[in-house]
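> Output the structure for:
(chains A, B, C, D, E and F)
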Amino acid sequence: MAKRILFLLNRTPYGASHALEAIEAILVAGVLDQKVSVLFTGAGLYQLLSDQDGGALGGRTVGKMLGALPEYGVTDLFACRPSAERLGLGDANLCLPVAWLDHAEQRRLINRQDIVTS
Amino acid sequence: MAKRILFLLNRTPYGASHALEAIEAILVAGVLDQKVSVLFTGAGLYQLLSDQDGGALGGRTVGKMLGALPEYGVTDLFACRPSAERLGLGDANLCLPVAWLDHAEQRRLINRQDIVTS
Amino acid sequence: MATLHLVNKPAAWEGCHPLLDPKDAVLLIEDGTYLAQQALNGAAFHALEPDVRARGLSRRVHPSIRTASFDDFVRLVESCERVVTWSA
Amino acid sequence: MATLHLVNKPAAWEGCHPLLDPKDAVLLIEDGTYLAQQALNGAAFHALEPDVRARGLSRRVHPSIRTASFDDFVRLVESCERVVTWSA
Amino acid sequence: MVISIAVHGAPYAGAGSRTALRFVESALRLGHRVHRVFFYHDGVLAAAEPGVAPQDEEDLHAGWVRLGETHGVELAVCIANALKRGMLDETERDRYERKAATAHPAFAIVGLGQLIEAMTASDRFVTFAA
Amino acid sequence: MVISIAVHGAPYAGAGSRTALRFVESALRLGHRVHRVFFYHDGVLAAAEPGVAPQDEEDLHAGWVRLGETHGVELAVCIANALKRGMLDETERDRYERKAATAHPAFAIVGLGQLIEAMTASDRFVTFAA
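Okay, the predicted model is just below:
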């Protein structure tokens, strides 16, 4: 039975392996036909910054991996507007379209979920 | 030849193994007759909080391990006063006597060292 | 209870706090228990007792925050609809 | 140069900043390069270029901060008296 | 109630793996069924075979093994995260022609599908962060 | 100039171990002598024998081994931190009666005295944090 699963991404893309590995789990959740949502918040917004080049560090590019989400059926991509304002990020700087949510909308998003993980 | 080595401790005592393992290095530096200083700063001040009980987590007590420093010849123990004020800590809450330094004094402490590590 | 929030370090509070619903509960665990030294608002607050004791915080926990055993932790998970974990 | 400070995450800036001496240099590395998006003061500032590029920050680095190669990193270490590493 | 958990942190003296172990022990004592413990990120290091724990620190690896062997709790280790951290079971040892398995046999090395299955098959899913 | 470094972070996709490796490569290229790389905390995991790196990610373990074998850089792993993280060389394998060594032979498992010696014997000491 499909569940509503929210992945909360709040880590930087290259500081540790956490971001890449979390994206792998999201892709699998999409393949397995779960009702997947993704919320980028805090430093997790940096995963969406355009012009990333993981090759400079000998690895994959997180922004490119995120670009594959829609192909895996993961299209409900949300981002925290207050975080973006604090970090000076807007649509023009991002490599992927996201729906911006304020705090109240994020609370409602969480309250609709069966499972929230990170 | 003995060197002036400053250990900068800014991690919480039980969040990871970092604090315990750093103390082990300090003890060895003391045994090997280096001119060792220790500076507790930021969340590292929590390593000095009295009434710790590592046994509650099945491990050693960081505050007790720090108490062994003088036996190993490590007596130059300093702590950041501004950090302590921010965390609401004072001499009465600590398990070990330390000399309080303001920022300018900490800068001078660093400038006297051959090596600073953490 | 709608959501149980786990907070495992002080820095995680910044992300958790704005998303609290008044029906929610927060359990401070691990280094998150350092937050228990002050009054917090927005939900019902608990702090995991072994983590509090290990860190020397037993007498520093604010009276508005209840300490919780691991059995209490399990009961909090039972009685919520979902668990959100905040870290870093 | 007296001291070279390595800063490897934004949160480490809080500990580093008050201890800077005007004769010091700071090299922002790894996630510390996110700090390079703003003007910083208290010393001479550098940001490690591969870390800047990987994160998509190349066009976001503040003009007051110079990018540094690994060879530049080594030269900074040569020309200082000691290196202090700030993390968390 | 059926509960599954994810463990993201490394076992040695780190906080998350210990909290998770204690939580599962309490859940079992209170009569819940623990469907699966899924080790992810650095959590996979809990399966490391020859850790030599310091005498005065709890051996979390041994705690997890006991939970698997005595209480039949499924200990599932993410294969992708395990391989890059040097954790191999006997199957992977043979495939990659290594000298020895490094994962204790109480742990099963599995695909990420098992993480999602743990979520769908359980009433509650709790993530223990690093 | 004689340089020694400490590496505190784990090698897989973490930042500190990669930065440290690149720094040492540059230091050697610029004619410095690298006296010792001391792996401490999670840094000791760089010595893990059978890591299977993902195809599209750099294998830092291999990078360190190359540095040791080609450039003769001493790769020293803290014994206390190694043991509790499951890193054993052949000596420790025999002492603790384990099936296999888990540390690659390019790495020497040593006491903490070697960390302090690296500090005293070098003109510069650089710590690469996790």
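> secondary structure element for the residue sitting furthest away from the middle of chain E?
Computed with C-alpha atoms, centre = their mean, the residue of chain E farthest from its C-alpha average is residue E:97, at 24.1 Å. Using DSSP states H and E, residue E:97 maps to neither a helix nor a strand.
> Near residue A:31, how many other residues are there?
16 (other C-beta atoms under 10 Å in any protein chain shown). (C-beta placed from N, C-alpha, C; glycine too.)
> residues in contact with it?
A:72-73 (C-beta atoms under 8 Å, 6 or more residues apart in numbering or on different chains).
> What does the pLDDT read for it?
pLDDT, the model's per-residue confidence, is 96 for residue A:31.
> Mind jotting down where the strands sit in the chain?
No chain was given, so I picked chain A. Secondary structure of chain A (DSSP state E): strands at A:4-9, A:35-40, A:76-80, A:99-101, A:115-117.
> try chain E instead
E:2-7, E:33-39, E:75-78, E:107-110, E:124-128.
> Name every strand pairing with the longest one and say which way it goes.
In other words, strand E:33-39. According to DSSP bridges, strand E:33-39 has the following sheet partners: strand E:2-7 (parallel), strand E:75-78 (parallel).
> how about it: buried residues?
For strand E:33-39, the neighbour count (16 or more other C-beta atoms under 10 Å in any protein chain shown) marks E:34-39 as buried.
> Please pull out the lowest mean pLDDT helix or strand from chain E.
Among the helices and strands of chain E, helix E:90-95 carries the lowest confidence by mean pLDDT, DSSP states H and E, at a mean of 82.
> which residues are in contact with that helix?
Residues outside helix E:90-95 that contact it (C-beta under 8 Å, 6+ apart) are E:79, E:82-83, E:98-102, E:105, E:109, F:50, F:52.
> Output those in TSV; the columns should cover neighbour count, distance to chain C and pLDDT.
What follows is the contacts of helix E:90-95, written out as TSV (neighbours: other C-beta atoms under 10 Å in any protein chain shown; distance: C-beta to the nearest C-beta, whole Å; pLDDT from 0 to 100):
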residue	neighbour count	distance to chain C	pLDDT
E:79	21	23	94
E:82	26	21	91
E:83	21	24	88
E:98	17	33	76
E:99	13	36	73
E:100	17	33	73
E:101	21	31	76
E:102	27	27	78
E:105	13	28	92
E:109	23	24	95
F:50	21	29	56
F:52	19	27	68
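> next structured bit after the longest helix along chain C?
Criterion DSSP state H: the longest helix present in chain C is helix C:70-79. Counting by DSSP H and E, the next helix or strand C-terminal to helix C:70-79 is strand C:82-86.
> and that following strand, what does it pack onto?
Here strand C:82-86 touches strand A:115-117, strand C:3-7, helix C:13-16, strand E:124-128, going by 3 or more C-beta pairs under 8 Å, 6 or more residues apart in numbering or on different chains; DSSP states H and E.
> Could you dump these into JSON lines with mean neighbour count, distance to chain D and mean pLDDT added?
Listed next are the helices and strands packed on strand C:82-86 as JSON lines, based on neighbours: other C-beta atoms under 10 Å in any protein chain shown; distance: least, C-beta to the nearest C-beta, whole Å; pLDDT from 0 to 100:
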{"stretch": "strand A:115-117", "mean neighbour count": "24", "distance to chain D": "23", "mean pLDDT": "98"}
{"stretch": "strand C:3-7", "mean neighbour count": "26", "distance to chain D": "16", "mean pLDDT": "98"}
{"stretch": "helix C:13-16", "mean neighbour count": "19", "distance to chain D": "11", "mean pLDDT": "97"}
{"stretch": "strand E:124-128", "mean neighbour count": "25", "distance to chain D": "20", "mean pLDDT": "98"}
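> Would you confirm that residue E:115 contacts residue E:5?
No. At 10.7 Å, residue E:115 and residue E:5 do not qualify as touching, with contact defined as C-beta atoms under 8 Å.
> who touches both of those two?
With C-beta under 8 Å, 6+ apart as the test, residue E:115 and residue E:5 both reach residue E:38.
> residue ranges for the helices of the chain, please.
Let's take chain A. Here chain A has its helices, by DSSP H, at A:18-31, A:62-67, A:81-87, A:103-111.
> oops, chain E please
Ranges of helices within chain E are E:16-29, E:60-71, E:79-84, E:90-95, E:113-120, based on DSSP H.
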